[in-house]
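In: Any chance you can model this:
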Amino acid sequence: MTAKARHFLDLDGIDEQDLRGMIDVAAAMKRGEAGMDRPLQGKFLAMIFEKPSTRTRVSFEVGMKQLGGDVVVLNGNDLQLGRGESVADTARVLSRYVDCIMMRTYEPEKISEMAEYASVPVINGLTDKTHPCQLMADVLTYEERRGPIRGRTVAWSGDGNNMAASWIHASVKFGFSLRIAAPRELSPDPALLEWANANGGSVTLMHDPQAAVLGADCVVTDSWVSMGDDEASRHNMLAPFRVDEALLSKAKDDVAFLHCLPAHRGEEVTAEVIDGPRSLVWDEAENRLHTQKAILAWCLA
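Out: Sure, this is the predicted structure:
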């Protein structure tokens, strides 16, 4: 087991300077000004999917190939991991074949164990607790369209889920204020809020979406229902947190609307908002490619 692999697991565990560097590299890559000509030539990325994916799958695969490398795609049914082999043994074996591992799974403990026993970098492609790759694309998107995110106010309206958790991490690392409006039953883990406050963050939990959005520079939401959730009860709790034009009008005139997708128009957001002029979701989706490339370059530098 080699101890020094550079993992991308969660934003709270990565230095602010490194995160900022990745955003800057991603922006330069998008502009064609990064000065990198296929820097990962001859490198291989193993991608493990225990949860379905569109953006993560395509952006990592295309990104790795644009950087000169190649990919091996492994679904849960393809691996002995799904038949009882330990994560530790899988990590040891894959480390002998590939140069980097990206994993998208339900349990964050699997990502942690993969990183502990892999001798190559491990990237968190999503767990039920966090989605750090998406946040890198979100920050890039906001900054390229609205300027530096530091000092701005971001409002979250909806479920205090894995995306909300990564927004809490990002608020500390990138220096913006975050207001989270969520039903009491679906509030983020209190330990996350304690971490943010202990590390100089400005994160406020409230249960009134209109108060959260008031004067905000950016409004964010996410799907109400993930795989395995009780759909009916969530819809009832989250209906008051739907982002519609009436709610968005409480924010600044040049507010940016973000959503990591997939979206369900008429549930967490109306079609008028997500397809409207203040929505940056398609730039946000595109920017998964550029930030994924910057993450890969950082991990394999």
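In: Average pLDDT for the helix or strand Ala164 falls within, rounded please.
Out: Secondary structure assignment for Ala164, by DSSP states H and E: helix 162-174. Averaging pLDDT along helix 162-174 yields 98.
In: now do stretch 220-232
Out: Here the average pLDDT along stretch 220-232 is 77.
In: What of stretch 126-138?
Out: Stretch 126-138 shows a mean pLDDT of 98.
In: Mind checking what helix or strand follows the helix-or-strand element of the chain with minimal mean pLDDT in sequence?
Out: Least confident helix or strand, the chain: helix 231-238 with a mean of 86, by mean pLDDT, DSSP states H and E. Once the chain leaves helix 231-238, the next helix or strand it forms, by DSSP H and E, is helix 245-248.
In: hey, where'd the strands end up in the stretch 51-200 of the chain?
Out: Using DSSP state E, counting those that start in this stretch, the strands of the stretch 51-200 of the chain run over 70-75, 100-104, 122-126, 153-157, 177-181.
In: What residues does Thr291 make contact with?
Out: Listed by C-beta atoms under 8 Å, 6 or more residues apart in numbering, the contact set of Thr291 reads Met22, Ile23, Ala26, Cys133, Met136, Ala137, Leu140. Where C-beta positions appear, they are placed from N, C-alpha and C, glycine not excepted.
In: so how far is Arg92 from Glu85?
Out: In this view, Glu85 and Arg92 are 10 Å apart by C-beta to C-beta, to the nearest Å.
In: Actually, Val98.
Out: Taking C-beta to C-beta as the measure, Val98 falls 12 Å from Arg92.
In: Of the two, give the one with the bigger neighbour count.
Out: Val98 (20 against 14; other C-beta atoms under 10 Å).
In: so that one makes contact with Val72?
Out: Yes - counting by C-beta atoms under 8 Å, Val98 touches Val72, with 6.5 Å between them.
In: Could you name every residue contacting both of these two?
Out: The contact sets of Val98 and Val72 overlap at Phe44, Leu45, Ala46 (C-beta under 8 Å, 6+ apart).
In: Among those, which are located in strands?
Out: Using DSSP state E, the members of these that fall in strands are Phe44, Leu45, Ala46.
In: so what's the last one bridging to?
Out: Just to be clear, that refers to Ala46. For Ala46, the residues forming beta bridges with it (DSSP bridges) are Val72, Ile101.
In: just the helices in this structure please.
Out: Under the criterion DSSP state H, the chain contains helices at 16-31, 55-66, 87-95, 108-117, 132-146, 162-174, 190-198, 209-213, 231-238, 245-248, 271-274, 281-299.
In: which residues sit against the fourth one?
Out: Residues lying outside helix 108-117 but in contact with it, judged by C-beta under 8 Å, 6+ apart, are 1, 5, 7, 9, 50, 86-92, 101, 103, 105, 122, 124, 127-130.
In: List buried residues within the residues you listed.
Out: Burial by neighbour count, judged by 16 or more other C-beta atoms under 10 Å, picks out 5, 7, 9, 50, 87, 90-91, 101, 103, 105, 122, 124, 127-130 from the contacts of helix 108-117.
In: Determine which two of those are furthest apart.
Out: Using C-beta to C-beta, those reach their maximum pairwise distance at Ala5 and Asp128, which is 23.8 Å.
In: residues contacting the most centrally placed residue in the chain?
Out: Among the residues of the chain, Gln134 comes closest to the average C-alpha position under C-alpha atoms, centre = their mean, at 2.5 Å. Applying C-beta under 8 Å, 6+ apart, one finds that Gln134 lies in contact with Leu126, Met163, Ser166, Cys260, Arg288.
In: Could you pull up the contacting residues of the fourth one?
Out: Same thing as Cys260. Taking C-beta under 8 Å, 6+ apart, we find Cys260 in contact with Arg55, His131, Gln134, Asp138, Met163, Asp222, Glu284.
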